[in-house]
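Asks: Any chance you could fold what I've pasted below:
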Amino acid sequence: MSTLSPNGHLIEMRDLVKIYKVGSEQVHALRGLNMAIGSNEYLAIMGPSGSGKSTLMNLIGCLDTPTSGDYYLAGENVARLSDGRLAEIRNQRIGFVFQTFNLLPRATALHNVELPLIYAGLKASVRHRRAKEALAVVGLEDRMHHRPNELSGGQRQRVAIARAIVTNPSIILADEPTGNLDTKTGAEIMKIFDQIYGAGNTIVLVTHEEDIARHTGRIVRLRDGQIESDEMRRA
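Replies: Predicted coordinates:
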């Protein structure tokens, strides 16, 4: 199977429309959006509340499907896939990092990182090895047996990042990954994202913070469900 869209992109969106029904009203979250993202690209999605950022992130992450239009991810038209195939793609190709960490409170850091591998059906010895390796990448191998309430906010986000990369996904989606962190800790988290990008991943992050967006090579700004600007910052 091809790993790129028909036009050679890892991600390609054509005329994406997303309409939500809220009571008797229709909310047009995306209005014919077109965008392409290459392999090993690092970009930020910005925009005011209601601009369509979260909707676009959910579509990229295969957490939702468009009302109309086409979304190609690694050569497959996501808009045409079954729920089962979407779940496979989320587990195998996409790593998620959320503002609120989304860790299991009673599980250790190691077990939290193992979760995607459990869903993938890997045996315990392989899960343990890969989870330890992922925690080492984020500098938390010495905290693998700690539970979330025994970790700082920055350490919890590091565990969440380790969980996102443990399946070796081609895409990391980060939704306000520094939103609950102080400036110094946020900068440390962004250094980890820089390292992950340097290792060959595609990273798409949603942020309200200009200094966080400046870590990326491209800033896409949305307004009213459409792209207002698309700025390439570096080669």
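Asks: Not counting its neighbours along the chain, what's nearest residue 178?
Replies: Using Cβ to Cβ, 6 or more residues apart in numbering and skipping residues adjacent in sequence, the residue nearest residue 178 is residue 186, 3.4 Å away. Every residue, glycine included, has its C-beta placed from N, CA and C.
Asks: Give me the next element, helix or strand, following the lowest-mean-pLDDT helix or strand in the chain.
Replies: Using mean pLDDT, DSSP states H and E, helix 83-93 stands out as the lowest-scoring helix or strand of the chain, at a mean of 88. Later in the chain than helix 83-93, the nearest helix or strand by DSSP states H and E is strand 94-98.
Asks: Output the contacting helices and strands for that next one.
Replies: Using 3 or more Cβ pairs under 8 Å, 6 or more residues apart in numbering; DSSP states H and E, the elements in contact with strand 94-98 are helix 153-165, strand 171-175.
Asks: So which residues of this structure form helices?
Replies: Assigned by DSSP state H, the chain shows helices spanning 53-60, 83-93, 109-119, 124-137, 153-165, 183-198, 210-213.
Asks: Just the mean pLDDT for stretch 210-225, thanks.
Replies: The pLDDT scores in stretch 210-225 average 94.
Asks: for the nearest residue to residue 36 once chain neighbours are set aside, what are its contacts?
Replies: Leaving aside its chain neighbours, residue 36 sits nearest to residue 9 (4.2 Å; criterion: Cβ to Cβ, 6+ apart). Residue 9 is in contact with 36, 37, 38, 39, 72, counting by Cβ atoms under 8 Å, 6 or more residues apart in numbering.
Asks: now do 10 Å
Replies: 35, 36, 37, 38, 39, 41, 72, 73, 74, 75 (Cβ atoms under 10 Å, 6 or more residues apart in numbering).
Asks: do residue 19 as well
Replies: By Cβ under 10 Å, 6+ apart, the residues touching residue 19 are 26, 27, 28, 29, 30, 31, 66, 67, 68, 225.
Asks: Point out where this protein drops to low pLDDT.
Replies: Low-confidence segments of the chain (pLDDT under 70): 1-7, 234-235.
Asks: Run a quick neighbour tally on residue 28.
Replies: Residue 28: 16 surrounding residues under other Cβ atoms under 10 Å.
Asks: Revised request: answer the last question for residue 133.
Replies: Neighbourhood size, residue 133 [other Cβ under 10 Å]: 14.
Asks: Could you do residue 107 as well?
Replies: Residues lying near residue 107 (other Cβ under 10 Å) number 15.
Asks: Now do it against residue 157, distance only.
Replies: From residue 107 across to residue 157, the span is 16 Å (Cβ to Cβ, to the nearest Å).
Asks: most centrally placed residue in this protein?
Replies: Taking Cα atoms, centre = their mean, the centroid of the chain lies closest to residue 173, which sits 0.9 Å from it.
Asks: show me the contacts for it.
Replies: By Cβ under 10 Å, 6+ apart, the contact set of residue 173 is 45, 57-58, 60-63, 90, 94-98, 164, 202-206.
Asks: quick one: residue 46 and residue 204 touch, right?
Replies: No: counting by Cβ atoms under 10 Å, residue 46 stays clear of residue 204, with 11.7 Å between them.
Asks: where do the contact lists of these two overlap?
Replies: residue 220.
Asks: Bridged to residue 98, which residues?
Replies: residue 175 (DSSP bridges).
Asks: quick revisit: from the contacts of residue 19, which land in strands?
Replies: Judged by DSSP state E, strands contain the following of the contacts of residue 19: 26, 27, 28, 29, 30, 31, 68.
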